[in-house]
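Chemist: Have a look at this prediction, sequence included:
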Amino acid sequence: MPNKPDLDLSLYLVTDATSEILGDNDVCQVVEKACKGGVTIVQYRDKHADTGVLIKTASELHTVTQKYNVPLLINDRLDVCLAVGAEGVHIGQDDTPLEAARRILPPNAIIGVTASSVQEAEAAIQGGADYLGIGTMFATPTKKDTKSIIGTRGTQEILARCMTGTKHSVGCVAIGSINAANVQRVIHQSTADENRLSGVAVVSAIIAAADPQEAASELLQRIRSTAEKFYISTRPGVHPASGEVIFQQTPGIIEKHVSSSILSHNMTNTVVQNFAANVCLATGASPIMSLNGAEAPDLARLGGGLVINMGTATADTMSAYQAGVKAYNAAGNPVLLDPVGGGATSVRREAIRTLLRTGFYDVIKGNEGEIGAVMGASTVQQRGVDSGPSSSNAQQKAEMVKSLARRERCLVLMTGVTDYLSDGRRTVAISNGSKWLGKITGSGCALGSVVVSYLALHRADKFVAAIAGILHYELAAERAEQNPSCRGPGSFIPAFIDELYLLGQDIKSQDVRKLARLEFLE
Ligand SMILES: Cc1ncc(COP(=O)(O)OP(=O)(O)O)c(N)n1
Ligand SMILES: Cc1nc(C(=O)O)sc1CCOP(=O)(O)O
């Protein structure tokens, strides 16, 4: 008897036989195309066919999947699995119990189990399931009788509570309305520390696609690029245990940035475009202030980063932002969301929800009111785009950025007299800068333009990259304020642009450890 095959759950295709999804196509031909496109496992699922038809089709499908060395599982029906010698079955909570399925099927059979809750997941793992199908991720017309819609947060909870410390690592796929547009966000936002989805299961995204091979290949490429991104940002050894590593690395990162001409693509508000572009240039980046969503895919491939700054958001710019985030997510390049004025109006709060649903972000940056708005529970009523008076102390602010960073799986930067930055594990307070930054328009927006190009440049550790960008910006502001030519906010601006440039030139001779006012927080 052959061993149980090693499971690659990266792209799991579940078939469908309905005319709404399969149309007039032949399921075996669709599955063959999907195998050519790279699906790594197939489940034959037909809720209506008679047993004879199920066995005939399963047998034909098995011939196809064996050609591509892809395991074939059968939905619910152990008898069909045994009849055709398929590699295993997928069972739900109302199907043959796992224990019985194990007894009935050969020992090398793969058995996957659906789990919608921590309890179901724990029971399936205890019972020896080979993998979990976690769902329903999002409501889907493909399966109308789903039990509960758990989203990325529910999935994250299952991964966090069931996978940590398990002796046998059990693979998990998410299922329910997952497609090329949301797959990266789904994987990214479902991740709980080191526990992540092994892949995703899809029906309509491949079976109903005009070109199933192309659809599978695009999905797989996005899944793999997300895995790569995750690996880079969390692999052991790149996290500084202390500020020492940051102090050592920062001058080198700034020096590299100065001569990089790395792209800083700004979909930003009309008020700050000129200032932000000059700031980018002075730091060594190459700015482009394009609000045209149609050109985002081309720009996204140039290796830079994108700022989405909601300062003057309209229906038109919203669709450009959405095109932008999708293009940069697909290309695997960083995106910074600046939800300017996010707490001010219900339109902006809705815009934030839409943008969070559209894609995922490497950094969410804003003042306290804006960060509160993203958390969904603003503690501060914003006046326009400025943060109102704060009622939070330093510890509460640090907690806010940390918990949002954990929830959204990204860096969160809360700007103010002291900035708070967290990646969910490490949190730092940075108190550099100048009082004049608060007296000119667009200083917060321009900081976002700088941080994103630092992230694009220094991929090994986003947290360190962001700190280098913030220090470049704020140390230059301090030097500008001290410059005799600076007499107030008006003369501060040219002095600041000069110092951004000059600091880049002489950063190697500076003692960053002494200049930086960084406090590492628990
Ligand atoms: C990979 C995967 N995950 C979940 C399911 C759903 O299974 P189930 O709960 O048994 O629902 P039906 O598929 O029987 O409608 C699945 N099929 N595959
Ligand atoms: C088969 C199935 N099981 C689900 C669950 O939640 O358990 S959702 C689902 C259908 C998924 O189809 P699509 O990718 O077209 O949304």
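Modeler: Received it, and whenever you're ready, just let me know what you need. Ligands and ions are numbered 1, 2, ... in the order given.
Chemist: Which strands or helices does the helix or strand containing Ala296 pack on?
Modeler: Taking DSSP states H and E as the definition, Ala296 sits inside helix 296-300. Other helices and strands packing on helix 296-300, by 3 or more CB pairs under 8 Å, 6 or more residues apart in numbering; DSSP states H and E, are strand 263-267, strand 305-309, helix 315-331. Every C-beta, even on glycine, is put in place using the N, C-alpha and C of the backbone.
Chemist: Residue ranges in the chain under the pLDDT threshold?
Modeler: Counting by pLDDT under 70, the chain contains low-confidence residues at 1, 164-168, 227-242, 377-390, 522.
Chemist: at 80 instead, please
Modeler: For the chain, the stretches with pLDDT under 80 are 1-6, 163-169, 193-194, 226-243, 343-344, 377-391, 522.
Chemist: Near ligand 1, which residues of it are found?
Modeler: Residues of the chain lying near ligand 1 by CB under 6 Å from any ligand atom: 12, 14, 43, 45, 75-76, 90, 92, 95, 112, 114, 133, 135, 143, 173, 175, 201.
Chemist: Which of these are buried, as a PyMOL select command?
Modeler: To isolate the buried members of those in PyMOL, using 16 or more other CB atoms under 10 Å:
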select buried, resi 12+14+43+45+75+76+90+92+95+112+114+133+135+143+173+175+201
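Chemist: among the residues of the chain next to ligand 1, which are in reach of ligand 2?
Modeler: Counting by CB under 6 Å from any ligand atom, 14, 114, 135, 143, 175 from the residues of the chain next to ligand 1 sit close to ligand 2.
Chemist: Bridging across strands, which residues link to the first one?
Modeler: Which is Val14. Gln43 (DSSP bridges).
Chemist: residues contacting it?
Modeler: For Val14, the contacting residues are 42-43, 45, 75, 90, 175, 201-203, by CB atoms under 8 Å, 6 or more residues apart in numbering.
Chemist: Put together TSV for these, with secondary structure on each row.
Modeler: Output for those, formatted as TSV (DSSP: H, G, I helix; E, B strand; the rest coil):
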residue	secondary structure
Val42	strand
Gln43	strand
Arg45	coil
Asn75	strand
His90	strand
Ile175	strand
Ala201	strand
Val202	strand
Val203	coil
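Chemist: Can you list the helices and strands that whichever strand or helix holds Gln66 packs against?
Modeler: Using DSSP H and E, Gln66 sits in helix 51-67. The helices and strands touching helix 51-67, judged by 3+ CB pairs under 8 Å, 6+ apart, are helix 27-37, strand 41-44, strand 72-75, helix 78-84.
Chemist: now that helix against helix 27-37, angle please.
Modeler: 20 degrees (axes from the mean of the first three to the mean of the last three CA atoms, to 10 degrees).
Chemist: quick thing: my sequence starts at 299, can you match it?
Modeler: Understood, numbering begins at 299; the last thing we discussed is helix 349-365.
Chemist: who's in contact with helix 349-365?
Modeler: With CB under 8 Å, 6+ apart as the contact definition, helix 349-365 has outside contacts at 313, 325-326, 329-330, 333, 340, 342, 344, 347, 369-370, 372, 375, 377-379, 381-384.
Chemist: can you rerun that using 10 Å?
Modeler: 311, 313, 315, 324-334, 337, 339-342, 344, 346-348, 368-375, 377-385 (CB atoms under 10 Å, 6 or more residues apart in numbering).
Chemist: Return the alpha-carbon coordinates of the one helix or strand Gly788 maps to using PDB.
Modeler: Using DSSP H and E, Gly788 sits within helix 787-804. Only the C-alpha atoms of helix 787-804 are listed here, as PDB (Å, rounded to 0.1, in the frame of the first residue of the first chain):
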ATOM      1  CA  PRO A 787       6.800  77.600   9.800                       C
ATOM      2  CA  GLY A 788       7.400  79.400   6.500                       C
ATOM      3  CA  SER A 789      11.200  79.300   6.600                       C
ATOM      4  CA  PHE A 790      11.100  75.900   8.200                       C
ATOM      5  CA  ILE A 791       9.900  74.300   5.000                       C
ATOM      6  CA  PRO A 792      13.000  75.100   2.700                       C
ATOM      7  CA  ALA A 793      15.300  74.400   5.700                       C
ATOM      8  CA  PHE A 794      13.700  71.000   6.200                       C
ATOM      9  CA  ILE A 795      13.900  70.000   2.500                       C
ATOM     10  CA  ASP A 796      17.600  71.000   2.600                       C
ATOM     11  CA  GLU A 797      18.200  69.000   5.800                       C
ATOM     12  CA  LEU A 798      16.500  65.900   4.500                       C
ATOM     13  CA  TYR A 799      19.000  66.000   1.700                       C
ATOM     14  CA  LEU A 800      22.000  66.900   3.800                       C
ATOM     15  CA  LEU A 801      21.300  64.300   6.500                       C
ATOM     16  CA  GLY A 802      21.300  61.700   3.800                       C
ATOM     17  CA  GLN A 803      24.800  62.800   2.800                       C
ATOM     18  CA  ASP A 804      26.400  62.900   6.200                       C
END
